[in-house]
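Coordinates for the following, if possible.
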Amino acid sequence: MKKYILLLLVFFTAFPFVKANIPIVGAEQPDCYIPMLLGKRVGLVVNQTSMVEDVHLVEFVKNHGIEIVRVFAPEHGFRGAKEAGEKIGNDIDPKTGIPIVSLYGKNEKPTPEQIKDLDVVVFDIQDVGCRFYTYISTLHLVMEACAEQHKPLLILDRPNPNGDYVDGPVLQNDFKSFVGMDPIALVHGCTIGELAKMIDGEGWLGNNLHCNLTIIPVLDYVHSDRYSPSVAPSPNLPNDQAIRLYPSLCLFEATNASIGRGTEFPFQVIGFPDPKMGKFSFTPQSIAGKAVTPIQKGITCYGHDLRAVKPPHFTLSYILDCYRKLKNNKDFTFDEKWFNKLMGNDTVLKLMKMGKSEKAIRQSWAKELAGYKDIRKKYLLYPEE
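Reported below is the predicted structural model:
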């Protein structure tokens, strides 16, 4: 025994950057929440990331004698097998026979009929820390529905893999949509639990609504930790590199340039059918459940391979480079309305058209970002470092 202790001491002395503690997510603390659910009619807002080690939360809770009335599923579906934007309908979970209600598409918010027979709603989904990642829009609408029907919401918190920094413009009211519902920074720097506290505390639910929140916080977590989700948050974010590049590369969704959908490395490359984009090449193909009809399907794209680069914090450098090289290419399309929704304002695009540098564009959101950071501090559940 002494030999093993000595080895551990040597290891952590030689490698002081290695954390001895592994974050324990809310779902992995059943003693904190199972007693709250016993004897209650429960609704679960979950997807494929809602795991308790190697068991899905639905099965885990059900095995503890909890009555699950229905499951609510966000974009990509209950088991996370649907590509971005793919239509998702209501269903029955074949494993448990529990009804599944889709919260993506026509029914983005639980209706009164869908929650009036519930005693409590539980939310447990892995976020990636970006305003336009729609799981947090689902969070907002679930909070709103619970507040309207006076139903308590229990959040099982998880770390934010992009939670070590805050950056980007703050959403302006004129650009609210399902890819941006609240006035937060593009990289918001919050866990789901912290964000829920902020939405409620700042009155963003509207109509003087307040949600009865209970949060099971993550243990042994600080925001400076680099957290690696054990399950891919969505079909096209398969690894840490994609998750870290996502805030910067998602802006390309407003163009017909490829960011690797239809390849084995989505959100890790940039390309377009024009050799002046770069020497690296790839050809998107149909991949069931991930990208059935990817942009530039079957066409060779040239550009940049970002799989081996050190992922930067949010940067405009990639989209600026693409825009400058391709803006006069008749085959290049740029959906300005969609870009502004993703960005949260129309100022950035105006400055891009003027040929401004990233440094100059960043100055345009500096003041509002500083204001958001002050608001965020009020709702942090975890230390910054």
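
Double-check that Ile270 belongs to a strand.
Yes: the assignment for Ile270 (DSSP: H, G, I helix; E, B strand; the rest coil) places it in a strand.

ok, it to Leu326 distance?
The gap separating Ile270 from Leu326 is 11 Å, by Cβ to Cβ, to the nearest Å. Any C-beta I mention is one placed from the backbone N, CA and C, and that applies to glycine too.

Give me the more crowded residue out of these two.
Ile270 (27 against 20; other Cβ atoms under 10 Å).

Which residues does the more buried one form beta bridges with?
Ile270 has these beta-bridge partners by DSSP bridges: His304.

need the contact list for it.
Contacts here follow Cβ atoms under 8 Å, 6 or more residues apart in numbering; on that basis Ile270 touches 249, 252, 257-260, 277-278, 303-304, 306, 318, 322.

hey, where'd the strands end up in the stretch 151-300 of the chain?
Applying DSSP state E, counting those that start in this stretch to the stretch 151-300 of the chain gives strands spanning 153-156, 167-170, 185-187, 213-216, 269-272, 280-282.

okay if I get those strands as TSV plus mean pLDDT?
What follows is the strands of the stretch 151-300 of the chain, written out as TSV (pLDDT from 0 to 100):
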stretch	mean pLDDT
strand 153-156	98
strand 167-170	98
strand 185-187	98
strand 213-216	98
strand 269-272	98
strand 280-282	98
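
so can I have TSV of the ones you listed showing distance to Gln241?
TSV is the format used below for the strands of the stretch 151-300 of the chain (distance: least, Cβ to Cβ, whole Å):
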stretch	distance to Gln241
strand 153-156	27
strand 167-170	18
strand 185-187	16
strand 213-216	30
strand 269-272	11
strand 280-282	15
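
which one of those strands lies closest to Lys95?
Closest to Lys95 of the strands of the stretch 151-300 of the chain, according to Cβ to Cβ: strand 153-156, at 20.0 Å.

now for the strands of the stretch 151-300 of the chain, which one comes closest to Leu351?
Per Cβ to Cβ, nearest to Leu351 of these: strand 167-170, 11.0 Å.

partner strands of the closest one, parallel or antiparallel?
strand 185-187 (antiparallel).

hmm, back to that, the strands of the stretch 151-300 of the chain: which one's closest to Asn21?
It is, among the strands of the stretch 151-300 of the chain and with distance given as Cβ to Cβ, strand 213-216, at 17.4 Å.

The closest one - contacts with which helices or strands?
helix 30-37, strand 153-156, helix 192-201 (3 or more Cβ pairs under 8 Å, 6 or more residues apart in numbering; DSSP states H and E).

Now do the helices in the chain.
2-14, 30-37, 57-63, 112-115, 135-148, 192-201, 240-249, 317-326, 336-343, 347-353, 358-363, 366-377 (DSSP state H).

Take those helices and write them to CSV, including mean pLDDT.
Shown next, in CSV, are the helices of the chain (pLDDT from 0 to 100):
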stretch, mean pLDDT
helix 2-14, 39
helix 30-37, 98
helix 57-63, 96
helix 112-115, 96
helix 135-148, 98
helix 192-201, 98
helix 240-249, 98
helix 317-326, 97
helix 336-343, 98
helix 347-353, 98
helix 358-363, 98
helix 366-377, 98
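
Quick one: those helices as JSON lines, columns for distance to Val121 too.
Shown next, in JSON lines, are these (distance: least, Cβ to Cβ, whole Å):
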{"stretch": "helix 2-14", "distance to Val121": "41"}
{"stretch": "helix 30-37", "distance to Val121": "11"}
{"stretch": "helix 57-63", "distance to Val121": "13"}
{"stretch": "helix 112-115", "distance to Val121": "6"}
{"stretch": "helix 135-148", "distance to Val121": "6"}
{"stretch": "helix 192-201", "distance to Val121": "12"}
{"stretch": "helix 240-249", "distance to Val121": "27"}
{"stretch": "helix 317-326", "distance to Val121": "37"}
{"stretch": "helix 336-343", "distance to Val121": "28"}
{"stretch": "helix 347-353", "distance to Val121": "36"}
{"stretch": "helix 358-363", "distance to Val121": "39"}
{"stretch": "helix 366-377", "distance to Val121": "25"}
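
how long is stretch 141-159 end to end?
Across stretch 141-159, the terminal residues are separated by 21 Å (Cα to Cα, to the nearest Å).

If Arg41 is in a bridge, with which residues?
According to DSSP bridges, beta-bridge pairing links Arg41 with Glu67.

Give me the pLDDT for it.
pLDDT recorded at Arg41 is 98.

is it true that it touches Val69?
Yes: when contacts are counted by Cβ atoms under 8 Å, Arg41 is listed as touching Val69 (4.9 Å).

Quickly list what's touching both of these two.
Contacts common to Arg41 and Val69, judged by Cβ under 8 Å, 6+ apart, are 117-118.

buried residues in stretch 196-215?
Along stretch 196-215, these residues count as buried under the neighbour rule (16 or more other Cβ atoms under 10 Å): 196-200, 204-205, 211, 213, 215.

chain center to it: distance?
Here the centre of stretch 196-215 is set off from its chain's centre by 20 Å, with Cα atoms, centre = their mean, to the nearest Å.

do stretch 41-53 as well
16 Å.

what's the span of it from first residue to last?
Note: stretch 41-53 ends 24 Å apart using Cα to Cα.

now the closest residue to Thr138 other than its chain neighbours: how far from Glu202?
Using Cβ to Cβ, 6 or more residues apart in numbering and skipping residues adjacent in sequence, the residue nearest Thr138 is Pro74, 4.3 Å away. Distance, Pro74 to Glu202, using Cβ to Cβ: 22 Å.

repeat for Arg244
Distance from Arg244 to Glu202, by Cβ to Cβ: 28 Å.

can you pick the most crowded of the contacts of Ile270?
Ile259 (30 neighbours).

Tell me the confidence at it?
Per the predicted model, pLDDT is 98 at Ile259.

next one: Ile88
At Ile88, pLDDT is 56.

got any residues that touch both of Ile270 and Leu326?
With Cβ under 8 Å, 6+ apart, Ile270 and Leu326 have common neighbours 257, 277.
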